[in-house]
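# Build me a model:
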Amino acid sequence: MDDKLNLSETEKKKIIELIKNNQPLPKEYLYKLYKEQEDVFLFWNGRNEQTTNVVLPFHSIEQIDEPRKEEGVRIKSGDLQFGLGFDAEGRQLKGWTNKLIWGDNKLILSSLVNGPMREEIEKQGGLKLIYIDPPFAVGADFSYEINIQNGEDQLIKEPSVLEEIAYRDTWGNGLSSYLTMLYDRIKLMSQLLANDGSIYVHCDWRVNSVVRLILNDIFGSDNYKNEIIWWYKDPSGQTTEFYKRKHDSILFYAKDKEYIFNMDAVRTPYSEGTLKQAKARATSFGRIVEVNPLGKIREDVWDIAIINSQAKERLDYPTQKPEELLSVIIKASSNEGDLVADFFVGSGTTPAVAEKLGRKWIACDLGRFAIHTTRKRLIQVQRELKKNGKPYRAFEILNLGKYERQFFFGVPSDLSEEAQEKILQRKQQKYIDLILQGYKAEKVNGFKLLHGRKYNRYVHVGPLTVPVTKSLIEDVFEECKKNLITQVDILGFEFEMGLVPFIKEELKSKGVELRLRYIPKEVFDQQAVEKGEVKFYDVSYAEVDPIVNGRSVKIKLKNFVTYYTQDDIEDLEQKMKNGSSKIAIENGQIIKITKSKNGILNHEPLTKNWSDWIDYWSVDFNFENKKEIIRIKTNEKAKDEANKYDQVWTGNYIFENEWQSFRTKKNSQIELTTAPHSYEKSGKYKIVIKIVDILGVDTTQVIEIKVG
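Numbering: from 1, shown residues only. Got it, this is the predicted structure:
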């Protein structure tokens, strides 16, 4: 085959001249720069043939084996779920654990494709089905409504800066940005997909034509199977300018010629007329009408209703899709026990349906609230299956933790821990300057641990890769005391459990007012920093009371304190029209601001009780029971991929979710005392309480007890 450029000598000279003069090439030359065998070449500004190949270790931050422990209810050792077996404490003994992963799906996909978890996926027979519903609306709104406990008002939770950055990266340069985002991710998905697997990509009229071109480019037009039309009825607005748009498209592609497809599992009922004809042995088009007892062959137009306002499955999540829609896809393109995935999981419909249908699953999303919504939904599914005596699997919540932060900061993940640490030391000042810039603090000199100043408060920037500890805070306090400094902010990505409120109260009594604030991941986006979009927020805390009776313990939630701020109240008031109202969040208070017709403002607090802030809480009654083990590449020269990785204890423990209570759309009440937990042996135990507030923000509290 001739691989020479399809260019004349004159054209070559013209191209060289244009490049020398820093002038753009005419588009007609683009095709000629590629090999002749391609009749059509899909090209856009930003296309890159090289996919991301970074490998970051996954951190397991929570494991949910059993939906919840009730008083007096214990699992018998040996009870089986898919033949897995659960121990007396409800922990899954073996087999695949489902994965709910929080983070950037490009980094997650790359780590799945190129990292050690790939081996685990292949042991399950590979990934058989991918369904994705990527964002396809220019100007999409990532905010969502939260019901206030007064039952009357709703708070609009604004999207996080991280979600806004993702949206900007997706649509910043219009359609070319969108294509770049999707192309890189779908190429990674194709590498992860089993040879007999398939992919369904959900889109609408805005992007379905270009998404199909991308899928043709990656999977080949020969592997295109259907454009499924999801036809729905909803009370959308009227228009006389064009026909009402009443459907979405779902593009269905196979990985290869041989692929899983179970038509008999998704047949549809025959019409009354057809059944009557079959019964009468009538003819149609010259043939006797016959029917299949399983039903009629499903066609590519699906009449499936949207989720109505009273439906049990409705979560009021903006992009939620009906379970019936996913049920058809999962039944048709996977078998029981197969592994399916959704890399834009949103409200969690794909894993919820997969769990009900006996499939294994992987799901991920960038949004904190999406992960929280999915976690609650999957626990409800587990509870339902358990109640009905049906099997279910454990699932774990993962993220990329400190390795994602190091990646954003430019520290290669494929180096040894020692080499990474050396790079971090060299970049330490650059890191501090970056955080100070995001915090809008000025740099100060002459101190060992105080890095900046914001107004009258000094600032310490905590480490990139490890939590801020009590000993570090005490060292900062000593420097403040020595220099007669009375106010200090300590910034960190993570904080040692149990610091708040005790360390704050202790240092305040000694003359230093301390604020602990989380550094958001958005700080690594220079554009967000320059625009002043990065928000640091205070560490919340809870007060809990252990009720000990012999070797039995109950945990009572007594108080929850948050300082979360979403809105600039003064700015909001200025923009409000007379005769309107807004719901705002400032310093841990949800406030209803009303502006009368005469322009008079009134503030009404809506969070009357501390418990109004709590959406979900859970307890691990024996926290240091399960070490967090991750696999890290230590031997690049090993021939076998499996031998390149070693298992390493991170120094952390996995939070095992043993009891939980949370609000749902149907039941807004939350329990504030756990069921009793019984310990087999007397002794000391560390209990960890995890709280998620109505905005999806986590708070962790730790206590130590003695039973016996």
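
# what mean pLDDT does the longest helix seen in the chain have?
Ranked by residue count and defined by DSSP state H, the top helix of the chain is helix 368-387. Mean pLDDT, computed over helix 368-387, is 93.

# export stretch 657-675 as PDB, just CAs?
Output of stretch 657-675 as PDB, limited to C-alpha atoms (Å, rounded to 0.1, in the frame of the first residue of the first chain):
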ATOM      1  CA  ASN A 657     -21.200   1.100  56.500                       C
ATOM      2  CA  GLU A 658     -23.000  -1.100  59.100                       C
ATOM      3  CA  TRP A 659     -26.100   1.100  59.800                       C
ATOM      4  CA  GLN A 660     -27.600   4.000  58.100                       C
ATOM      5  CA  SER A 661     -30.600   6.300  58.000                       C
ATOM      6  CA  PHE A 662     -31.500   8.800  55.300                       C
ATOM      7  CA  ARG A 663     -34.300  10.900  53.900                       C
ATOM      8  CA  THR A 664     -36.100   9.900  50.700                       C
ATOM      9  CA  LYS A 665     -38.700  11.600  48.500                       C
ATOM     10  CA  LYS A 666     -41.400   9.400  50.100                       C
ATOM     11  CA  ASN A 667     -40.200   9.700  53.700                       C
ATOM     12  CA  SER A 668     -38.400  12.900  54.800                       C
ATOM     13  CA  GLN A 669     -38.000  11.700  58.400                       C
ATOM     14  CA  ILE A 670     -34.500  10.600  59.700                       C
ATOM     15  CA  GLU A 671     -33.700   8.600  62.700                       C
ATOM     16  CA  LEU A 672     -31.300  10.100  65.200                       C
ATOM     17  CA  THR A 673     -30.400   7.000  67.200                       C
ATOM     18  CA  THR A 674     -29.000   3.700  65.700                       C
ATOM     19  CA  ALA A 675     -30.200   0.200  66.400                       C
END
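
# And it, what's buried?
The neighbour-count check on stretch 657-675 (16 or more other Cβ atoms under 10 Å) flags N657, E658, W659, Q660, S661, F662, R663, I670, T674, A675 as buried. Yep, even glycine has a C-beta here, placed from its N, CA and C like the rest.

# what comes into contact with the longest helix of the chain?
Contacts to helix 368-387, defined as Cβ atoms under 8 Å, 6 or more residues apart in numbering, come from residues 62, 64, 66-68, 98, 100, 102, 144, 157, 160, 315, 317, 345-348, 351-352, 355-356, 363, 365, 391-392, 395, 397, 615-616, 660, 662, 664, 692, 695-697.

# so of those residues, which ones are in strands?
62, 64, 98, 100, 102, 144, 157, 363, 365, 395, 397, 615-616, 660, 662, 692 (DSSP state E).

# Identify the farthest-apart pair in the buried residues of stretch 657-675.
Pairwise distances across the buried residues of stretch 657-675 (Cβ to Cβ) peak at 19.5 Å, for the pair E658 and R663.

# What is the end-to-end distance of stretch 404-424?
End-to-end distance for stretch 404-424: 14 Å, by Cα to Cα, to the nearest Å.

# Name the residues that touch that stretch?
Identification of contacts with stretch 404-424 by Cβ under 8 Å, 6+ apart yields 54-57, 103-104, 107, 400, 403, 427, 431, 434, 464-465, 493, 521, 524, 632-634, 636.

# Just the buried residues of those residues.
Buried residues within the contacts of stretch 404-424, counting neighbours by 16+ other Cβ under 10 Å: 54-57, 103-104, 107, 400, 403, 431, 434, 464-465, 493, 521, 524, 632-633.

# among these, which are in helices?
Using DSSP H, these in helices are L107, Y403, Y431, L434.

# circling back to that earlier point, out of the buried residues of stretch 657-675, flag the one nearest to A305.
When the buried residues of stretch 657-675 are compared against A305 (criterion: Cβ to Cβ), the nearest one is R663, at 26.4 Å.

# which residues of the stretch 1-150 of the chain score low on pLDDT?
Within the stretch 1-150 of the chain, the stretches with pLDDT under 70 are 1-5, 30-32, 34-40, 68-91, 93, 136-150.
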